[in-house]
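Enquirer: All I have is the shape, not the residue letters:
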C-alpha cells in the first residue's frame, strides 16, 4: 500500500473491472484486447487526449514488429486492418564503419528465405498501430477507455487494487497493471526500485523518402558514436533511428531540415539515391532501465515500465508484446481454473516467465551497444571478425534470423498465432 491515507478506498471492494491498466500506449492497449479475448474486463487510463491519439501525424515513430509479434496481432484479430500499411522485412544487413568512409568489408546478411516461416517481421508506423488498437478497443464491450486522465494514488491489499484519478474518481479492480513507461509512476508508487544507466546517447528519429527501392531490406550501420538503423517503410520510404552522442544529437536536432540531411548523408550514403525528410523529426534519450521486480501485491508491470532497453536490436515493443502475451495467458488460465488472478502465486508465474528473457535481452543490447559504439581498433577488429564468422556459417545465420523473428524461447500462445 503506497499511502495509508488512501486505505479507506479498499475497505469495500465492489469491483469496477478486472484489470486497471495505467497507460494507454501500444502495450497497455494490447493487454486490454488480449485479456478481453480471455473474458476479462479492463479499464485503460490514458494521460493523452483522444484527439491527440487519433491525429494522423501523431508521434512519427515506426516499429519493427518481429514475426512473432505479427502473429500476436493476427491472433487478436488486428492484422487485417494493418496489413496494407505494413512493410515486410525480407533482409537485414549489418555493417561496421565510419561516416563518410563506407562500410567495412566484414558484415552480416540475414535473408528470410533461409527460414520457412516467412518475413522476419514488418515495419508499421505508430499512427496505424494506434488507430487499429483504438478502433478495436472502442468496439469491445469488455474495455473502458479513460482519456486525459492520470493516476495520483494507488492502493493494494489482499482484497484487490484501487486507484485515485486526478479527476477525483476512484476505480477498483482485481489487478493493477503498470504500462506507463520507463518512468513508471505505478512502479514508483509501489516502491519498486530500478537498475540501469544512461548511454550518453540520444536517438534522432525521422522518416525519409528516397529515389530507389529499399527492396524490404533493413540496414544497421554501426558507427563510433552509435548505430544508425535504416528500416524499410511502405513505398520508397524508410524510418531512421540514428544514435548519436548527447552533445552531437542536440546540435544536429537544432539544425534546419536541409542541414540536418547534410549531417545525415555521410552516414547514410547514397545507395538509395536522393533523400528527403518525410514528416517531423524527434529525439529520444537512450538508457537501460530494468525494474527489480515485475510484480508486487496485486500489481504487474509490462513493457517499458518493466524493462527499457537500447533500440539497437529493435526489440523494445516486441519485448513488451511478449509481456502482454505471457501475462494474458497466465491470468486467463488462472481464471479458468478458478484461481484469483491477482494472487501472488499467479502473478509470480508471469514474473518467472519473463525474467530470464528480459535479462538476456538487456545484456545483449547493452553489450552490443558498448562493443560497437566506439572506435577502438582492437574491438573493431574483433567485432568485424565475429561478423564475418557469423555470416559464413549457415547454422549461425539461421539462429540469428529466428532470434530476430522472435521465434526462439518459450513462446506464449498468442506469439505463435493461437488465440487464448
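Expert: Nice, thanks for sending it over. In this text the structure is predicted, and so the values were computed from the model without any measurement. Numbering: from 1, shown residues only.

Enquirer: Find the nearest non-adjacent residue to residue 88, please.
Expert: Taking Cβ to Cβ, 6 or more residues apart in numbering, and ignoring the residues beside it in sequence, residue 88 has residue 119 as its nearest neighbour in space, at 3.9 Å. C-betas here are computed from N, CA, C, even on glycine.

Enquirer: just the helices in this protein please.
Expert: In the chain, the segments counted as helices under DSSP state H are 26-37, 50-54, 67-75, 126-138, 185-189, 246-253, 257-268, 316-336, 344-372, 377-392, 394-404.

Enquirer: what about the first one, distance to the chain center?
Expert: The offset between the C-alpha centroid of helix 26-37 and the centroid of the whole chain comes to 14 Å, using Cα atoms, centre = their mean, to the nearest Å.

Enquirer: Might one say that residue 272 is in contact with residue 209?
Expert: No - with contacts defined as Cβ atoms under 8 Å, residue 272 does not count as touching residue 209, sitting 9.4 Å away.

Enquirer: Comparing these two, which shows the higher neighbour count?
Expert: Per other Cβ atoms under 10 Å, whichever of residue 272 and residue 209 has more neighbours is residue 272, with 21 against 17.

Enquirer: Check which helices and strands the biggest strand by length in the chain sits against.
Expert: In the chain, taking DSSP state E as the definition, the longest strand is strand 194-210. Using 3 or more Cβ pairs under 8 Å, 6 or more residues apart in numbering; DSSP states H and E as the contact criterion, the secondary-structure elements in contact with strand 194-210 are strand 226-233, strand 237-245, helix 246-253, strand 275-277, strand 282-291.

Enquirer: And the longest one, what's buried?
Expert: If you call a residue buried by 16 or more other Cβ atoms under 10 Å, then strand 282-291 has these buried ones: 283, 286, 288-291.

Enquirer: among those residues, which two are most distant?
Expert: When the buried residues of strand 282-291 are compared pair by pair using Cβ to Cβ, the two farthest from each other are 283 and 291, 24.5 Å apart.

Enquirer: sorry, back to before: among the helices and strands packed on strand 194-210, which comes closest to residue 32?
Expert: The nearest among these, by Cβ to Cβ, is strand 282-291 at 20.7 Å.

Enquirer: Next, count neighbours for the nearest residue to residue 147 once chain neighbours are set aside.
Expert: The shortest distance from residue 147 to any residue that is not its chain neighbour, by Cβ to Cβ, 6+ apart, is 4.5 Å, and that residue is residue 50. Residue crowding around residue 50 was assessed by other Cβ under 10 Å; the count is 14.

Enquirer: residues touching residue 50, list them.
Expert: Taking Cβ atoms under 8 Å, 6 or more residues apart in numbering as the definition of contact, the neighbours of residue 50 are 134, 145, 147-148.

Enquirer: Mind pulling up the pLDDT for residue 4?
Expert: According to the predicted model, the pLDDT of residue 4 comes to 40.

Enquirer: Oh, that last question was meant for residue 266, not what I typed.
Expert: According to the per-residue confidence, residue 266 scores 89 in pLDDT.

Enquirer: That one: neighbouring residues, count only.
Expert: Burial of residue 266 is recorded as 12 neighbouring residues (other Cβ under 10 Å).

Enquirer: Look up how far residue 239 lies from it.
Expert: Here the distance between residue 266 and residue 239 works out to 19 Å (Cβ to Cβ, to the nearest Å).

Enquirer: overlap in contacts of residue 272 and residue 209?
Expert: Going by Cβ under 8 Å, 6+ apart, residues that sit against residue 272 and also against residue 209 are residue 236.

Enquirer: ok so, going back, with distance to residue 176 added, can I get the helices of the chain in JSON lines?
Expert: Written out in JSON lines, the entries for these read as follows (distance: least, Cβ to Cβ, whole Å):
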{"stretch": "helix 26-37", "distance to residue 176": "12"}
{"stretch": "helix 50-54", "distance to residue 176": "22"}
{"stretch": "helix 67-75", "distance to residue 176": "23"}
{"stretch": "helix 126-138", "distance to residue 176": "19"}
{"stretch": "helix 185-189", "distance to residue 176": "7"}
{"stretch": "helix 246-253", "distance to residue 176": "34"}
{"stretch": "helix 257-268", "distance to residue 176": "42"}
{"stretch": "helix 316-336", "distance to residue 176": "12"}
{"stretch": "helix 344-372", "distance to residue 176": "11"}
{"stretch": "helix 377-392", "distance to residue 176": "43"}
{"stretch": "helix 394-404", "distance to residue 176": "33"}
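
Enquirer: and residue 154, which of these is closest to it?
Expert: Evaluated with Cβ to Cβ, those place helix 185-189 nearest to residue 154, the distance being 5.1 Å.

Enquirer: residue nearest the centroid of the protein?
Expert: Within the chain, one residue has its C-alpha closest to the average C-alpha position: by Cα atoms, centre = their mean, that is residue 317, at 1.6 Å.
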